[in-house]
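> Provided below are the primary sequence and the corresponding predicted coordinates.
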Amino acid sequence: MTRTGGCICGAIRYTLSEEPVTVRLCWCRDCQYWAGGNAPLNLRMRRSAVQVEGTPRSWASQADSGNHMLRSFCGECGTQMFSQSLEHPEFMVVRAGTLDDASGIRPLATIWTDSAPVWAAIDPAIPSFPRQPG
C-alpha cells in the first residue's frame, strides 16, 4: 500500500511505498519536545521505502539511547517530520501526524515509558518498554 504525507504548508511531501516495520508511541524526552509534551506516534520505515520531495531542515543531536540522531522538519512551517539514527541508516522514522490519511495506523508498542510524565495514559493492551527495546 502506498501512503503519502507532508508538512502543513506543503513545502515537503513524501511517499511511503511499504508498510511500516513497526509503529510506536515514544515517551523519550526528545520526542516529548518534538511533540509539544506528548508522545508522538512514530512509523519506523525502511529508508528505501521513503521518497521525500523538497528539502527539510535538520538538527543533529545525541539521544538518550546513545544514537546520533538527525531530526528533520519543514524550514517554512516548522512541522516535525522525520528522524534518523546515523547508527542505523537503513531505517528512518516518519511522524504519523504528517500522513495525509492515517487510517489503519495503530501503535504496536509504547517505548521510553520511564520518561513519561505521571499524567501519561499508557495503553496496557499493547507492549510497553521502560527504555529503547533491543
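Cool, the structure landed. Numbering: from 1, shown residues only.

> make it CA atoms for all contacts and neighbour counts henceforth
Fine.

> what about the residue in the chain sticking out farthest from the centre, is that helix, strand or coil?
Distance from the centre of the chain peaks at Val118, with 22.2 Å (C-alpha atoms, centre = their mean). Going by DSSP: H, G, I helix; E, B strand; the rest coil, the secondary structure assigned to Val118 is coil.

> quick one: it from Pro107, how far?
20 Å (C-alpha to C-alpha, to the nearest Å).

> same question for Asn42.
Distance check for Asn42 against Pro107: by C-alpha to C-alpha, it reads 8 Å.

> looking at these two, which has the bigger crowd around it?
Between Asn42 and Pro107, counting by other C-alpha atoms under 10 Å, Asn42 is the more crowded of the two (25 against 17).

> ok, and the closest non-adjacent residue to the more buried one?
Arg95 (4.9 Å; C-alpha to C-alpha, 6 or more residues apart in numbering).
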